[in-house]
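Novice: Model the structure of this input:
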Amino acid sequence: MSADDRKIAERMLMTELKELDKENWVNVEARDGNLFLWDVALIVLNPTSLYHGAYLKAELKIPKNYPMSPPEFKFLRPLFHPNIYKDGRLCISILHSPGDDEMSGELASERWSAAQRIFTVLISILSLLDDAEVSSAANVDASVMLRKDPENYKRIVKENVEASKRDIPEDFQMPTEIESKPPPKEEIDDDFWCDDHESDWDSNSDGDMEFEDENDESGDE
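Specialist: The predicted structure follows:
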């Protein structure tokens, strides 16, 4: 990857950060000024959502060849949901590398493409919360409970919501309603959620992604 490619990615990410900063359903900032590592909080403002009132902290790791490769997203608190792994990763096709995947049966149109943006990723994740695909579960226990014991499932979700509120910063004013309507999500096929897609997420990472060009930092400045 060339220094020019990285600079293009940085300019795009700076623009996206500024645009997302105008939205009241998300709280996002670059960690320590690093445009390739974001601290994100999704704020659920939909009053009909089981997650209404939640402040869902997450980490977004963005590759330096963005937007050619997808970011990695991980919730930092456990969420009991059929399509969310117990470590906070998501089973969602939009975050899978571009191209058809014969193993999972996913088509290129269902996966990441250079036309996607972080905005669309975050909207898709919000939609995921109340639109679970129980037939292709990342958390089998949650999938079974949602189908067979929905009241108990709702109880656990409410506990997750209350726990998430502990992460609201003291100086942050929680919004009460959506001030701007996000654009409609693209239509997706029934196979949008993957069966069991392994992630390259490094659970031992101290917050920095590993890239093959780690040593070119000084040359890019």
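Novice: was I right about Ala30 contacting Leu20?
Specialist: No - between Ala30 and Leu20 there is no contact under CB atoms under 8 Å: 11.0 Å. Quick note: C-beta positions are derived from backbone N, CA and C, even for glycine.
Novice: So for the two, which residue has more residues nearby?
Specialist: Leu20 (19 against 16; other CB atoms under 10 Å).
Novice: For beta bridges, what are the partners of the closest residue to the more buried one other than its chain neighbours?
Specialist: Distances taken as CB to CB, 6 or more residues apart in numbering put Val28 closest to Leu20, at 5.1 Å, once the chain neighbours are dropped. Note on Val28: beta-bridge partners Val40, judged by DSSP bridges.
Novice: Go ahead and flag the most central residue of the protein.
Specialist: Phe73 (4.2 Å; CA atoms, centre = their mean).
Novice: Tell me the buried residues in the strand or helix carrying it?
Specialist: For Phe73, the host element (DSSP states H and E) is strand 72-75. By neighbour count on 16 or more other CB atoms under 10 Å, the buried set for strand 72-75 is Glu72, Phe73, Lys74, Phe75.
Novice: Would you tell me what the next helix or strand after that strand is?
Specialist: helix 118-129.
Novice: Check which residues of that next one are buried.
Specialist: Neighbour-count burial for helix 118-129 [16+ other CB under 10 Å]: Ile118, Val121, Leu122, Ile123, Ser124, Ile125, Leu126, Leu128, Leu129.
Novice: now swap in stretch 65-72 and tell me
Specialist: Buried residues in stretch 65-72 (16+ other CB under 10 Å): Asn65, Tyr66, Pro67, Pro70, Pro71, Glu72.
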